[in-house]
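Visitor: got a structure for you, letters missing:
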């Protein structure tokens, strides 16, 4: 199975998925005709929307009906791109009140993902939410329970699961092609440190109070907004939850750990000693699973995921895969091999599952478990010690101090 054959298969099956949406189906109590489009709302019109919005505007099975952002310029720019018929909102709750919106795409900063998603489910909307799914482990369990309670279709934006090279790597590993896997090396790069800028009034048109939302109050600073929120623990988790939510997700997939997680976490990090950023700049976290396998996540090394087994290895990153022995890359799978859920394109998989009401390739539970790995690494680094984790109870074992890190209070009036 060559990379070229995988891409050809990808294009063929994406086309089949799109065509499959143009048949009658039912979402909740609403019946859709063969040519009726799904009403979509976009919550968050920042940089990442530059990937999602063009897809939505170019898809014959969906119609963007509304956009929302706390930044007037971004909101109005998105509205102009969609068209005059598009509603534009500062407060996402007004968008969720619309009965003609069937599903939403949540593209906000990390500290907003959980509340946006929970409120969307409560409003009867299906959800596509960008990664990392949550800001805390406690949020993830609350969100998963809400999705199940309201029967929503929820796709986490860990789109690498819908790419041929990552699926091929995980199928090789899970089919035993490199023997028993003993170590997975995850390299995600480091974070900046030491930067400083003075506080200042927020830009005109930015609702800073609403941007902060449940996060602690802080004066506006250009290092916090728009892109730099990733380097503050109040809003994100640094590289551990940025790229870690992608690559640790693939490590979990390849090891077959989607419903569980590690049992021991030993993290060490180097943190800024000056400036405003507070996430780890460099780090190494060793995760031990009940099976004896280890995942080592660090900032240093060959970017990507390397599965090491008794009989070889597989390295994968976006657009590329290498194996030892080399011929594994062109391996032909047989009927006894373990094949994984096929998704030729992440958005299309979400739409297909909205129609069938099945769980998509990166369902909320998977997104929660994968980002939990990232949060555990951050907690171990920040407490400065090795931690014992019970993935079934989602609690640290005999460690009340560490368990206090599983959630954090929201700024009033926001609450779970």
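Guide: In hand now; what should we look at? Keep in mind the model is a prediction, meaning the values are calculated, not measured.
Visitor: just the strands in the stretch 151-300 of the chain please.
Guide: 154-156, 181-187, 264-270, 282-288, 294-298 (DSSP state E, counting those that start in this stretch).
Visitor: Just put these in CSV and tack on mean pLDDT.
Guide: Below are the strands of the stretch 151-300 of the chain laid out as CSV (pLDDT from 0 to 100):
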stretch, mean pLDDT
strand 154-156, 98
strand 181-187, 98
strand 264-270, 98
strand 282-288, 98
strand 294-298, 98
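Visitor: Which of these sits closest to residue 139?
Guide: strand 154-156 (13.1 Å; C-beta to C-beta). Every residue, glycine included, has its C-beta placed from N, CA and C.
Visitor: The spatially most central residue of the chain: which element?
Guide: Nearest to the mean C-alpha position of the chain, by C-alpha atoms, centre = their mean, lies residue 131 at 2.1 Å. Residue 131 is part of no helix or strand when elements are defined by DSSP states H and E.
Visitor: Could you find the closest non-adjacent residue to residue 79?
Guide: For residue 79, ignoring the flanking residues on the chain, the nearest one in space by C-beta to C-beta, 6 or more residues apart in numbering is residue 88 at 4.2 Å.
Visitor: Please apply the same query to residue 195.
Guide: Nearest to residue 195 is residue 275, by C-beta to C-beta, 6+ apart, at 4.8 Å.
Visitor: That neighbour and residue 221 touch, don't they?
Guide: No. Look at residue 275 against residue 221 with C-beta atoms under 8 Å: they stay out of range, at 11.1 Å.
Visitor: pLDDT weak spots in the stretch 301-416 of the chain?
Guide: Nowhere does the stretch 301-416 of the chain drop to pLDDT under 70.
Visitor: Going along the chain, name the helices of it.
Guide: Assigned by DSSP state H, counting those that start in this stretch, the helices in the stretch 301-416 of the chain fall at 346-356, 364-383, 400-403.
Visitor: hang on, the earlier thing: so the residue nearest to the centre of the chain touches residue 156, yeah?
Guide: Yes. Contact criterion C-beta under 8 Å: residue 131 and residue 156 qualify, at 5.9 Å.
Visitor: so what sits against both of the two?
Guide: Taking C-beta atoms under 8 Å, 6 or more residues apart in numbering as the criterion, residue 131 and residue 156 both touch 367, 370.
Visitor: mind checking how far residue 330 is from residue 318?
Guide: Using C-beta to C-beta, to the nearest Å, we find residue 330 at a distance of 20 Å from residue 318.
Visitor: Same question for residue 63.
Guide: For residue 63 relative to residue 318 (C-beta to C-beta), the value is 30 Å.
Visitor: Would you mind telling me which of the helices of the stretch 301-416 of the chain is nearest residue 144?
Guide: helix 364-383 (5.0 Å).
Visitor: what about the closest one, distance to the chain center?
Guide: Relative to the mean C-alpha coordinate of its chain, helix 364-383 is positioned 12 Å out (C-alpha atoms, centre = their mean, to the nearest Å).
Visitor: for stretch 288-307, same thing?
Guide: Distance, centroid of stretch 288-307 to centroid of chain: 19 Å (C-alpha atoms, centre = their mean).
Visitor: in that stretch, what's buried?
Guide: For stretch 288-307, a neighbour-count test (16 or more other C-beta atoms under 10 Å) marks 288-289, 293-299, 304-307 as buried.
Visitor: Same question for stretch 307-326.
Guide: By neighbour count on 16+ other C-beta under 10 Å, the buried set for stretch 307-326 is 307, 308, 309, 312, 313, 314, 315, 316, 317, 321, 322, 323.
Visitor: how close does the last one sit to residue 184?
Guide: Computed as C-beta to C-beta, the residue 323 to residue 184 distance reads 15 Å.
Visitor: again with the first one
Guide: As judged by C-beta to C-beta, residue 307 and residue 184 stand 5 Å apart.
Visitor: so what sits against both of the two?
Guide: residue 254.
Visitor: I'd say residue 200 and residue 220 touch.
Guide: Yes. The pair residue 200 / residue 220 is scored as a contact, 6.1 Å apart, by C-beta under 8 Å.
Visitor: With neighbour numbers in mind, choose between the two.
Guide: For the pair residue 200 and residue 220, the greater number of neighbours falls to residue 220 (16 against 10), based on other C-beta atoms under 10 Å.
Visitor: residues touching that one, list them.
Guide: 199, 200, 201, 202, 203, 206, 208.
Visitor: Just the buried residues of those.
Guide: By neighbour count, with 16+ other C-beta under 10 Å, the contacts of residue 220 hold 202, 206, 208 as buried.
Visitor: For the second one, which non-adjacent residue is closest in space?
Guide: Excluding its sequence neighbours, the residue lying closest to residue 206 (C-beta to C-beta, 6+ apart) is residue 71, at 5.0 Å.
Visitor: Residue 196 too?
Guide: residue 275 is the one closest to residue 196 (C-beta to C-beta, 6+ apart), at 4.5 Å.
Visitor: Residue 244 versus that neighbour, what's the distance?
Guide: To residue 244, residue 275 is 22 Å away according to C-beta to C-beta.
Visitor: Between these two, which has more neighbouring residues?
Guide: A direct count of neighbours by other C-beta under 10 Å for residue 275 and residue 244 places residue 244 higher, at 28 against 14.
Visitor: what stretches of the stretch 101-250 of the chain score poorly on pLDDT?
Guide: Residues of the stretch 101-250 of the chain that meet the cut-off, pLDDT under 70, do not exist.
Visitor: Which stretches in it count as helices?
Guide: 113-122, 137-150, 164-174, 208-212, 239-242, 244-255.
Visitor: that older thread, hang on, isn't the residue nearest to residue 206 packed against residue 208?
Guide: No. Assessed by C-beta under 8 Å, residue 71 is found out of contact with residue 208, at 9.7 Å.
Visitor: For residue 245, which non-adjacent residue is spatially closest?
Guide: Counting by C-beta to C-beta, 6+ apart, residue 132 is the residue found nearest to residue 245 once chain neighbours are left out, at 3.8 Å.
Visitor: ok, the closest residue to residue 308 other than its chain neighbours - contacts?
Guide: In this structure, residue 308 finds its nearest non-sequential neighbour in residue 183, 4.5 Å apart by C-beta to C-beta, 6+ apart. Each residue near residue 183 by C-beta under 8 Å, 6+ apart is listed here: 293, 294, 295, 296, 308.
Visitor: before we move on, what about residue 58?
Guide: Residue 58 neighbours (C-beta under 8 Å, 6+ apart): none.
Visitor: Ok, residue 372 next?
Guide: Residues in contact with residue 372 (C-beta under 8 Å, 6+ apart) are 137, 140, 261, 391, 394.
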